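[1] Take this sequence and fold it.
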Amino acid sequence: MRGSPLLIGLGAGATSALLYAAAASGSPLALLLLYAAPLPILIAAAGWRHLAGLVATVFGAACLAVVVGPKTALYFTIAVGLPSWWLAYLALLARTGEGGVVEWYPPGRLVIWCAAIGALLVAASIPLVATSLEEYRAALRELFTKAFEARGGTPGLVPDADAKPLIELMTALAPSMAAGFWTASSLFNLWLAARIVRASGRLVRPWPDLRRIAFPNKAFIGLFGGFAGSLLPDLAGLVAELFAGTFLMAFALLGLAVVHVVTQATPARGLILVAVYGMLVLQPWILLFLAGLGVAEQIFGVRRRFGGPPGGPPATATANLP
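    Predicted coordinates for the structure are as follows:
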């Protein structure tokens, strides 16, 4: 995979802008394309340094400004371009420690950044919809009501069933779920981009042991502060809920890392992991259990009992810094 950062950035920006613009159709497939929009920028920034990511962001926004409009270009820059560039920049950040050993930016901190950005982006979209909590929920309620009416009723309910309770539940959970899904999709895109760049031979940092990710102690602030702040009135409580949702997702990932470590000496490890990942797809409530396991790891260090303390990525003696 050769090419100059400028050309790679131009191509990545055009591709990312096309994926972002495709979401305008409103179909489920288009929504998936929207969440895939950061991937080209992440690949460009991870493989050709952050300059290529900046070029991709600027060029993608310019394409959208010309073809769609300046407002869409602004949304693309804030929601897709800059977060993707920043995450890739951090992923390649390194410093020289004692003995000339290069210390790379810890993967656990990247997870925390994804959680914080996910909450902030959804919070930033709230003023575009309403100026109060009631107005915001009313807008969501109307959106879900129209969606159910367009599909001819509520799937899974008997014909005469009242869809109102389900709509109210979705109205209450949708913001936090959207922020949590953004966090999960960002982490997946970052992982996939790194794998693609690694396969091309352009990944300058060694691949970290993701089973050993560790969060800074202040990560608790995002989780418990979010839950405590959700008791606040009006939009302040809603914004706190967003942080609670995204940090819950982050701690669930930490809990999943614990599962990988504690089962490594178990003969039925493969079966256990398949069951856990299968339940994540079929029964998403297991995220609560995994998040609790992640909190236990943060407090008690569960993994230390199963093969050494948690650590960061392996170090190398040389590296090309971004």
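[2] from memory residue 206 sits against residue 104, does it?
    Yes. Because the distance of 7.5 Å satisfies CB atoms under 8 Å, residue 206 is recorded as touching residue 104. (C-beta placed from N, C-alpha, C; glycine too.)
[3] which of those two has more neighbours?
    The residue with more neighbours, out of residue 206 and residue 104, is residue 104; 21 against 14, by other CB atoms under 10 Å.
[4] can I assume residue 95 sits in a helix?
    No. With DSSP: H, G, I helix; E, B strand; the rest coil as the criterion, residue 95 is strand rather than part of a helix.
[5] That one - how many residues pack around it?
    Residues near residue 95, counting by other CB under 10 Å, number 11.
[6] Tell me which helix or strand in this structure has the weakest average pLDDT.
    helix 28-36 (a mean of 80; mean pLDDT, DSSP states H and E).
[7] could you say what helices and strands that helix packs with?
    Applying 3 or more CB pairs under 8 Å, 6 or more residues apart in numbering; DSSP states H and E, we find helix 28-36 packed against helix 5-22, helix 164-200.
[8] other SSEs contacting the longest one?
    Counting contacts by 3+ CB pairs under 8 Å, 6+ apart, helix 164-200 is packed against helix 28-36, helix 38-67, helix 82-91, helix 107-129, helix 133-150, helix 234-262.
[9] angle of that helix against helix 38-67?
    110 degrees (axes from the mean of the first three to the mean of the last three CA atoms, to 10 degrees).
[10] Would you indicate which residues of helix 164-200 are buried?
    166-167, 170-171, 174-176, 178-187, 189-190, 193-194, 196-198 (16 or more other CB atoms under 10 Å).
[11] State the mean pLDDT of it.
    Mean per-residue pLDDT for helix 164-200: 91.
[12] tilt between it and helix 234-262?
    Here helix 164-200 points in a direction 50 degrees away from that of helix 234-262 (the same axes, to 10 degrees).
[13] got the contact list for whatever helix or strand comes next after helix 164-200?
    Per DSSP states H and E, the first helix or strand lying C-terminal to helix 164-200 is helix 219-229. Helix 219-229 has contacts (CB atoms under 8 Å, 6 or more residues apart in numbering) with 112, 115-116, 119, 236-237, 239-248, 250-251, 295, 298.
[14] One more: stretch 290-304?
    Applying CB under 8 Å, 6+ apart, the set of residues contacting stretch 290-304 from outside is 212, 215, 217, 219-220, 223, 248-259, 261-262, 309-310.
[15] Mark which of these are buried, thanks.
    Buried members of those, counted by 16+ other CB under 10 Å: 212, 215, 219, 223, 248-259, 261-262, 310.
[16] CA atoms of stretch 235-242 as PDB?
    Provided in PDB are the C-alpha atoms of stretch 235-242 (Å, rounded to 0.1, in the frame of the first residue of the first chain):
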ATOM      1  CA  LEU A 235     -31.200  18.500  29.900                       C
ATOM      2  CA  ALA A 236     -28.400  18.300  32.500                       C
ATOM      3  CA  GLY A 237     -29.600  15.000  33.700                       C
ATOM      4  CA  LEU A 238     -30.000  13.800  30.100                       C
ATOM      5  CA  VAL A 239     -26.400  14.700  29.300                       C
ATOM      6  CA  ALA A 240     -25.200  12.800  32.400                       C
ATOM      7  CA  GLU A 241     -27.200   9.800  31.200                       C
ATOM      8  CA  LEU A 242     -25.200   9.900  28.000                       C
END
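[17] List the buried residues for that stretch?
    By 16+ other CB under 10 Å, the buried positions in stretch 235-242 come out as 235, 238-242.
[18] out of those, who's nearest residue 147?
    The closest of the buried residues of stretch 235-242 to residue 147 turns out to be residue 238 (CB to CB; 20.9 Å).
[19] Not counting residues beside it along the chain, what's closest to the closest one?
    residue 133 (5.8 Å; CB to CB, 6 or more residues apart in numbering).
[20] okay, now the domains of this protein?
    With domains defined by automatic domain parsing, the chain comprises 1-92, 93-305.
[21] That concludes my questions; thank you for your assistance.
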